[in-house]
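Chemist: next one to model:
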Amino acid sequence: MKLVVGLGNPGEEYRQTRHNIGFLILDEFAKRNGIRFGDGVDYMFARYRELYIVKPLLYMNRSGIVTAKVARKHDFDEMLVVFDDANLPLGDIRLRTRGSAGGHNGVDNMIQMHGTNEFNRMRIGIGSPEKQAMRKFVLDRFQEDETQILESTIDTCCELLQCYARGPFQRVLDTFSKIKRSYSEEKLQDRQTKGGNE
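Modeler: Take a look at the predicted model:
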């Protein structure tokens, strides 16, 4: 079994914010596959094929407390963490098998609580603030003119999670290497349509 964790903050006020894109992706994946999240003590969970899907509910900077507890209860072969990255342009997707927290409090807590930085990551670009403080930016909602890129990004991430349900993370890496060119071209076209630039 493989553990898939989407990072975010609980509560309606955070539901559509940039920091919650991990939750948004898992919610859409569950919807597409007709599965529902059940309630754990401090997390929500769902099962799909070989995936045990978790949304921690102790707020972002305590995510690792939840996932370490879940990992102790189950025998997982791999873990994949889906989270936002304000160092990447909106819609960029980066896959990694290890690495630092990169300033992300949720990932930092997971590294501390799991005692390792060697777990799979799906980093989702949410753009960077121009003038406002980083904290305010990540807790803001996506703008209307970002909707098309956001929907395309979530669609691609759901496709990759579907792939993960059928094989190891290496299969996800191989699949993304094949679709990355067409996905990047589509994203660039979306930005040009809106008059933006890379």
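
Chemist: drop to CA atoms for contacts and neighbour counts, all remaining ones
Modeler: Noted.

Chemist: next one: phi and psi at the most centrally placed residue in the chain?
Modeler: Centroid-nearest residue in the chain: Val82, 2.5 Å away (criterion: Cα atoms, centre = their mean). Dihedral angles of Val82 (phi, psi; degrees, to the nearest 10) stand at phi -110, psi 120.

Chemist: ok, Arg166 next?
Modeler: According to degrees, to the nearest 10, Arg166 has phi -110, psi -10.

Chemist: Asp108 against His114, yeah?
Modeler: No: between Asp108 and His114 there is no contact under Cα atoms under 8 Å: 10.1 Å.

Chemist: neighbour count winner among those two?
Modeler: With neighbours defined as other Cα atoms under 10 Å, Asp108 and His114 compare such that Asp108 has more, 19 against 16.

Chemist: quick one, what contacts that one?
Modeler: Residues in contact with Asp108 (Cα atoms under 8 Å, 6 or more residues apart in numbering) are Asn61, Ser100, Ala101.

Chemist: do Asp84 as well
Modeler: Leu7, Arg18, His19, Asn20, Ile21, Gly22, Arg123, Ile124, Gly125, Ile126.

Chemist: surely the residue nearest to the centre of the chain is in contact with Leu3?
Modeler: No: using Cα under 8 Å, Val82 is not in contact with Leu3; the gap is 11.0 Å.

Chemist: now the end-to-end length of stretch 128-140.
Modeler: 12 Å (Cα to Cα, to the nearest Å).

Chemist: just the buried positions in it, please.
Modeler: Using 16 or more other Cα atoms under 10 Å as the test for burial, stretch 128-140 gives Ser128, Phe137, Val138, Leu139, Asp140.

Chemist: stretch 47-65 too?
Modeler: 47-48, 51-58, 60-65.
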